[in-house]
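A.B. asks: sequence? don't have it. structure:
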Ligand SMILES: [Zn+2]
């Protein structure tokens, strides 16, 4: 039996029997049941969020630069270590294709490809004017 439907059915009987004291007690019990239901939903949501955060934490791979990658995901999928540390949120960083990355949320920058970031064109190469 649905709790609230049961309370409603009993309340109807008490109201018809003109038992005001029991009717008021039942309304109070109904209010308490509603508060407990709300608390159960809040705790269930909190538990789910904590479990998800714990599962995510177990997959995080840290690097010398301020980005993280996730176990089981491509290494090119990089997330901002600053945003993760502050908010526990995954913000994918933008690869600037010059060896550096930047976070679109907090503007953290760093090196994601040291070979490309340290590349200096050779003098006398055909591209040098
Ligand atoms: Zn960030």
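C.D. replies: All right, it came through fine. Note that the structure is predicted; figures quoted are calculated from it, not measured. Numbering: from 1, shown residues only.
A.B. asks: Going by C-alpha atoms from here, please, whenever you check contacts or count neighbours.
C.D. replies: Noted.
A.B. asks: what pLDDT does the residue positioned nearest the centre of the chain get?
C.D. replies: Nearest to the mean C-alpha position of the chain, counting by CA atoms, centre = their mean, stands residue 89 at 5.7 Å. You'll see residue 89 listed with a pLDDT of 93.
A.B. asks: can you confirm it is in a helix?
C.D. replies: No - read with DSSP: H, G, I helix; E, B strand; the rest coil, residue 89 is coil and lies in no helix.
A.B. asks: Residue 82 is in contact with that one, correct?
C.D. replies: No - look at residue 89 against residue 82 with CA atoms under 8 Å: they stay out of range, at 9.5 Å.
A.B. asks: chain center to the helix or strand of the chain with the lowest mean pLDDT: distance?
C.D. replies: When each helix and strand of the chain is scored by mean pLDDT, DSSP states H and E, helix 3-16 comes last, with a mean of 86. On the basis of CA atoms, centre = their mean, to the nearest Å, helix 3-16 sits 41 Å off its chain's mean C-alpha point.
A.B. asks: do the same with stretch 65-76
C.D. replies: With CA atoms, centre = their mean, you get 17 Å for stretch 65-76.
A.B. asks: One more: stretch 14-32?
C.D. replies: 42 Å.
A.B. asks: separation between the residue nearest to the centre of the chain and residue 104?
C.D. replies: 13 Å (CA to CA, to the nearest Å).
A.B. asks: which residues of this protein fall in strands?
C.D. replies: Along the chain, counting by DSSP state E, strands occupy 60-62, 67-70, 79-80, 94-95, 100-102, 109-111.
A.B. asks: Quickly check: the longest one near the ion or not.
C.D. replies: So that's strand 67-70. No - Strand 67-70 is not in contact with the ion by CA under 5 Å from the ion; minimum separation 8.8 Å.
A.B. asks: Please name every helix or strand in contact with that strand.
C.D. replies: strand 60-62, strand 79-80, helix 81-87 (3 or more CA pairs under 8 Å, 6 or more residues apart in numbering; DSSP states H and E).
A.B. asks: which one of those is the most hemmed in?
C.D. replies: strand 79-80 (a mean of 26; mean count of other CA atoms under 10 Å).
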